[in-house]
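Student: got a predicted structure here, sequence first:
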Amino acid sequence: MEHIRTTKVEQVKLLDRFSTSNKSLTGTLYLTATHLLFIDSHQKETWILHHHIALVEKLALTTSGCPLVIQCKNFRIVHFIVPRERDCHDIYNSLLQLSKQAKYEDLYAFSYNPKQNDSERLRGWQLIDLAEEYKRMGVPNSNWQLSDANREYKICETYPRELYVPRIASKPIIVGSSKFRSKGRFPVLSYYHEHKEAAICRCSQPLSGFSARCLEDEHLLQAISKANPVNRYMYVMDTRPKLNAMANRAAGKGYENEDNYSNIRFQFVGIENIHVMRSSLQKLLEVNGTKGLSVSDFYSGLESSGWLRHIKAVMDAAIFLAKAITVESASVLVHCSDGWDRTSQVCSLGSLLLDSYYRTIKGFMVLIEKDWISFGHKFSERCGHLDGDPKEVSPVFTQFLECVWHLTEQFPQAFEFNEAFLVQIHEHIHSCQFGNFLGNCQKEREELKLKEKTYSLWPFLLDDQKKYLNPLYTSKSPKFTVLEPNTVSFNFKFWRNMYHQFDRTLHPRQSVFNIITNMNEQNKQLEKDIKDLESKIKQCKNKPTDGILTKELIHSVHPESPTLKTSLCFKEQTLLPVNHALRTIEGSNPADNRYSEYAEEFSKSEPGVVSLEYGVARMTC
Amino acid sequence: MEFAELIKTPRVDNVVLHRPFYPAVEGTLCLTGHHLILSSRQDNTEELWLLHSNIDAIDKRFVGPLGTIIIKCKDFRIIQLDIPGMEECLNIASSIEALSTLDSITLMYPFFYRPMFEVIEDGWHSFLPEQEFELYSSATSEWRLSYVNKEFAVCPSYPPIVIVPKSIDDEALRKVATFRHGGRFPVLSYYHKKNGMVIMRSGQPLTGTNGRRCKEDEKLINATLRAGKRGYIIDTRSLNVAQQARAKGGGFEQEAHYPQWRRIHKSIERYHILQESLIKLVEACNDQTHNMDRWLSKLEASNWLTHIKEILTTACLAAQCIDREGASILIHGTEGTDSTLQVTSLAQIILEPRSRTIRGFEALIEREWLQAGHPFQQRCAQSAYCNSKQKWESPVFLLFLDCVWQILRQFPCSFEFNENFLIMLFEHAYASQFGTFLGNNESERYFPTLEQILQVSG
């Protein structure tokens, strides 16, 4: 690699981010084509994927060496001290080059090789089939049909080829409407609620300016409301704050005038734009990066960042949407400005509240594929995959994951997956290791030939799904069990395991999830033992010499079977088995998950003393 | 005195009850000596049984002839009663007010309560100091039980039996008692079996401005140190506050006289500052606007979590001194009845698995709060809704329970009990049918009548 000048630096110090006494580890730093690797004196490895690096800073020289601070998109922050300034400078320059690629083809996904053959790769990509998903929802049907209008991306480049529209909406109406919508993103079906016969539709803002109207667009909206046999009026949700929407009118855009559209109820829901969200997260991270943070500084910082307010706004919008469908059986059309950020958040979260399928592991993948990937959420720009406009970067998808996390906290039995699953997905929207999130829309992805050149993330997550299973999940609930979250302010908490996922010293904790999972495993093992024993008893009964055999069996079965000691947790005991997979050079393969490391930390026989040295700094309330 | 004198209207029909989490219900309201009862008289399902002693504050409102009483409870519940008839409403309100502020301890409900369940254990004798001491005596012979306070003469807020170093006789204890605030001479709070280190607690030393010293006091606490080892004194007040205390005759241990001890100052708030913090916290929780920024700023302004953090950090420091540094510690603030007990009891939760069991936790509360003389009656007289602003009202015990809850959240698999147990204890500390939390210390509880009353039992 032409960018790498120094591949190995010895005697590098890694500072503990939150230690006030400047604790550090000494080790060796290696630079590879894809990763930065630090191996400390205990042979513990820290792998940092170049694509995860958001910012590299070289600070002023100190007596002990040259400080190098690396901030990652997965919220890891490492602080190295390199003894010689020249080495530091070399590494700094290399990382600058390696972390900001100019071309898609230079991203990790194009060189990542999980040793699969082409047919396995193809099967991986076919795992999520959106046509199948629309069939599951119940479309096409007598009111909704598949439109071929965008088959060649002629009407809208950022939409997928296959779109579902009301059966009575003719092609000229669609074309006309698309000309009246920002980026041609006309109203299409996002989710169909089979039971209520109501639909969630999505689009971008109308180009209404102060007075412009478009008959085709009005017709299309009418067609959507007519496609609902139960309720004739529909909601139009503009997810922006009213002020922003009004400002857009001056630029010839804007929002629907209720007088021009029959049977619509127009509603603003006030989610802020990508720039506000970006700086909000930045503030949040600044506050939480402070050493020796006091409780009041934490809360005033949390407040002034506005982060939880924004999360609550997204959640409230999704709840509004779900209510319109469940209570009034009304269809809802959702849009923001371009219809690929806030609209994706609200549509996907709303569907998740309505349909329990999306709360399964597979269903959640489908949901992301549908409302985010296929409808053109600009992952590459929002995540800054390439060296591009920093103003396009925004944590919109992270907010969606956080909203889902809040739901898993309020409804611990409703989700098949656990927190680790969400964190892992977040890891990979930035890792550029798999093709799913590269590019900004389907058309671009096809041009990049991602399905031939890269791998899909989903099969790897599914192979590993044991790690992501929520042991409390009750799958028996019927399909349309609606979640009705409570959005009282104190239900929103700081998501420690996301924003401090690498700062393990900060929250020593026992994991109930791990224990329950472990108990389930034990139960399964015991049930297996019972079956084995029963079959052996049967065998014995058929033989004359049964007396001796049974005696043998009683002795042979139990030494290996795990004992149930979970109820006496306060005694010294080992809580969990640890499967600490060895890391390969593809450090962030999807199996790599720091949750197993957590498990290890807390599976050590519990000390009589509970060290809260850092733990108390972050308290949930 | 007869309760009947205080009850002007014993019964009102067609009263509507509104309370959180339940639909409104109409029924008959009855007042008894100790309870406010509302019954709809339909399968006895919608009944309210509220102890008068649980009432923190009441508000009255009138719309025409319909009166409304809003009852704010010490357990933070807010319930509303719509009472037809102005006179009835006024009578009920003034009766409740009188009955909820009875000041004679023997009129309290625990003296009248007859349990409907089978009493399987005499709670008053479940956690005797002798039995607790036996747990240590197998591991050490350096300590003894002292009966010096048998008549509560040496220290009115101590129990009759305390654990002290074996080498110190009762005469010396009497002398030390005159040198410590409230006569609270250093006693054993916890013995760490793993390494033989101990936590002691006491009141502040009465050094005053001229630096008084007491040889017996020095000898007593030095007796707990191993040869060549140093110990820590954790003063729960900031250095500044501790220095100011000298002007009032109090003070802290001077290095010159206690060369084997290192003093650490922490600052844990006490008294009405905590009460005000609780009032603000509960107000934030009851805020109906559901505005995120408002909630966060109110939560911050209440400072409740800052207090929690300060207490927890101090307790962690104490636990680290014992377990990691292998050093014994003495903990005190001013009186040694509030922040001192928060720290000693939390340190034990951190250090000792037994105190994380239901029985062990009950034993801990018995030892470190009841027998150690935390003035429950004063501290828990009022809760978050009152504006009496008395200096001695303070949610010290609630803060302790909250700290335990925080540890429970971080180590959910290390406790035998769950948060309901903590909430139950909170409720009983403020209003209860049991006599456990009555009075301010053992000597006040030492009436023979109280002996007959049951103890809160898990």
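Tutor: Received it, and whenever you're ready, just let me know what you need.

Student: just checking, residue B:57 is part of a strand?
Tutor: Yes. According to DSSP: H, G, I helix; E, B strand; the rest coil, residue B:57 belongs to a strand.

Student: so residue B:33: helix, strand or coil?
Tutor: coil.

Student: so it sits against residue B:111, correct?
Tutor: No. Shown here, residue B:33 and residue B:111 do not form a contact pair, counting by C-beta atoms under 8 Å, at 10.7 Å. All C-beta atoms are positioned from the backbone trio N, CA, C, and that covers glycine.

Student: for chain B, what's the nearest residue on the stretch 51-200 of chain A?
Tutor: The nearest approach of the stretch 51-200 of chain A to chain B comes at residue A:75, 20.6 Å away (C-beta to the nearest C-beta).

Student: then the stretch 451-600 of chain A?
Tutor: Closest point on the stretch 451-600 of chain A to chain B, by C-beta to the nearest C-beta, is residue A:489, at 3.5 Å.

Student: apart from its chain neighbours, what residue comes closest to that residue?
Tutor: residue B:295 (3.5 Å; C-beta to C-beta, 6 or more residues apart in numbering or on different chains).

Student: so for chain B, the centremost residue is which one?
Tutor: Here the mean C-alpha position of chain B is nearest to the C-alpha of residue B:397 (C-alpha atoms, centre = their mean), at a distance of 3.4 Å.

Student: and residue A:596, what pLDDT?
Tutor: pLDDT for residue A:596: 41.

Student: give me the number of residues near residue 33?
Tutor: No chain in the question, so chain A it is. The tally of other residues near residue A:33 (other C-beta atoms under 10 Å in any protein chain shown) stands at 13.

Student: switch to chain B, please.
Tutor: 15.

Student: now residue A:491
Tutor: 15.

Student: phi, psi of it?
Tutor: Backbone geometry at residue A:491, expressed as degrees, to the nearest 10, gives phi -80, psi -10.

Student: same thing with residue A:539?
Tutor: phi -60, psi -40.

Student: residues contacting residue B:268?
Tutor: B:236-237, B:307, B:310-311, B:314, B:333, B:339, B:342-343 (C-beta atoms under 8 Å, 6 or more residues apart in numbering or on different chains).

Student: for the stretch 51-200 of chain A, just list every one of the helices.
Tutor: A:85-99, A:118-125, A:130-137, A:171-179 (DSSP state H, counting those that start in this stretch).

Student: buried residues, the second one. List them.
Tutor: Judged by neighbour count using 16 or more other C-beta atoms under 10 Å in any protein chain shown, the buried positions of helix A:118-125 are A:121, A:124-125.

Student: with stretch A:89-104 instead?
Tutor: A:89-95, A:97-101, A:104.

Student: pLDDT of it, averaged?
Tutor: Mean predicted lDDT for stretch A:89-104 stands at 91.

Student: can you list contacts of that stretch?
Tutor: Residues outside stretch A:89-104 that contact it (C-beta under 8 Å, 6+ apart) are A:1, A:3-6, A:9, A:29, A:31, A:33, A:36, A:50-51, A:53-54, A:56, A:58, A:66, A:68, A:70, A:82, A:107, A:110, A:380, A:385-387, A:438-439, A:448.

Student: give me the buried subset of those.
Tutor: A:4, A:6, A:9, A:29, A:31, A:36, A:50-51, A:53-54, A:56, A:58, A:66, A:68, A:70, A:82, A:107, A:110, A:380, A:385-386, A:438-439, A:448.

Student: and chain B, which of the residues you listed contact it?
Tutor: Filtering the buried ones among the contacts of stretch A:89-104 for proximity to chain B by C-beta under 8 Å from any C-beta of the partner chain leaves nothing.

Student: next, count neighbours for residue A:155.
Tutor: For residue A:155, the neighbour count with other C-beta under 10 Å is 20.

Student: can you tell me, leaving aside adjacent residues, what's nearest to it?
Tutor: residue A:178 (4.8 Å).

Student: so who does that neighbour touch?
Tutor: Taking C-beta under 8 Å, 6+ apart, one finds A:155-156, A:184-186 in contact with residue A:178.

Student: what of residue A:277?
Tutor: Taking C-beta under 8 Å, 6+ apart as the criterion, residue A:277 is in contact with A:310, A:394-396, A:399.

Student: dump the residues you listed into TSV; add distance to chain B, neighbour count and secondary structure as well.
Tutor: Output for these, formatted as TSV (distance: C-beta to the nearest C-beta, whole Å; neighbours: other C-beta atoms under 10 Å in any protein chain shown; DSSP: H, G, I helix; E, B strand; the rest coil):
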residue	distance to chain B	neighbour count	secondary structure
A:310	9	22	helix
A:394	20	23	coil
A:395	17	22	coil
A:396	19	24	helix
A:399	14	24	helix
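
Student: just flag the most distant two among those residues.
Tutor: A:310 and A:394 (11.1 Å; C-beta to C-beta).

Student: how close does residue B:391 get to residue A:70?
Tutor: Distance, residue B:391 to residue A:70, using C-beta to C-beta, to the nearest Å: 53 Å.

Student: what about the chain, any weak spots by pLDDT?
Tutor: By default, I'm working from chain A. Flagging of chain A using pLDDT under 70 yields the residue ranges A:1-2, A:20, A:479, A:506-508, A:544-621.

Student: wait, chain B was what I had in mind.
Tutor: In chain B, residues with pLDDT under 70: B:1-2, B:44-46, B:447-458.

Student: got the domain ranges for it?
Tutor: Here the domain assignment for chain B is B:4-102, B:129-456, based on the TED database.

Student: what residues does the stretch 151-300 of chain B put near chain A?
Tutor: Counting by C-beta under 8 Å from any C-beta, the stretch 151-300 of chain B sits next to chain A at B:194, B:285, B:287, B:290-297, B:299-300.

Student: secondary structure and distance to residue A:287 for these - can I get that in a markdown table?
Tutor: Shown next, in a markdown table, are those (DSSP: H, G, I helix; E, B strand; the rest coil; distance: C-beta to C-beta, whole Å):
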| residue | secondary structure | distance to residue A:287 |
| --- | --- | --- |
| B:194 | coil | 39 |
| B:285 | helix | 23 |
| B:287 | coil | 23 |
| B:290 | coil | 23 |
| B:291 | coil | 20 |
| B:292 | helix | 15 |
| B:293 | helix | 15 |
| B:294 | helix | 19 |
| B:295 | helix | 17 |
| B:296 | helix | 12 |
| B:297 | helix | 14 |
| B:299 | helix | 15 |
| B:300 | helix | 12 |
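
Student: mark which of those residues are buried, thanks.
Tutor: By neighbour count, with 16+ other C-beta under 10 Å, these hold B:285, B:287, B:292, B:295-297, B:299-300 as buried.

Student: considering those residues, which is situated nearest to residue B:204?
Tutor: Checking those against residue B:204 with C-beta to C-beta, the nearest one is residue B:300 at 31.8 Å.

Student: and the closest one, what does it touch?
Tutor: A:295-296, A:299-300, A:303.

Student: turn the residues you listed into CSV, columns for distance to residue A:284.
Tutor: Below are the contacts of residue B:300 laid out as CSV (distance: C-beta to C-beta, whole Å):
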residue, distance to residue A:284
A:295, 16
A:296, 16
A:299, 12
A:300, 12
A:303, 10
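
Student: okay, stretch A:466-478 in CSV with CA atoms only?
Tutor: C-alpha atoms of stretch A:466-478 as CSV (Å, rounded to 0.1, in the frame of the first residue of the first chain):
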residue,chain,number,x,y,z
LYS,A,466,-27.5,-17.1,18.8
LYS,A,467,-25.6,-14.1,20.1
TYR,A,468,-28.4,-11.8,19.1
LEU,A,469,-31.3,-13.7,20.6
ASN,A,470,-33.4,-12.1,23.3
PRO,A,471,-34.0,-14.9,25.9
LEU,A,472,-37.2,-13.1,27.1
TYR,A,473,-38.8,-13.0,23.7
THR,A,474,-42.3,-14.5,23.5
SER,A,475,-43.0,-15.3,19.9
LYS,A,476,-46.5,-16.5,20.4
SER,A,477,-48.1,-13.0,20.3
PRO,A,478,-50.3,-12.5,17.2
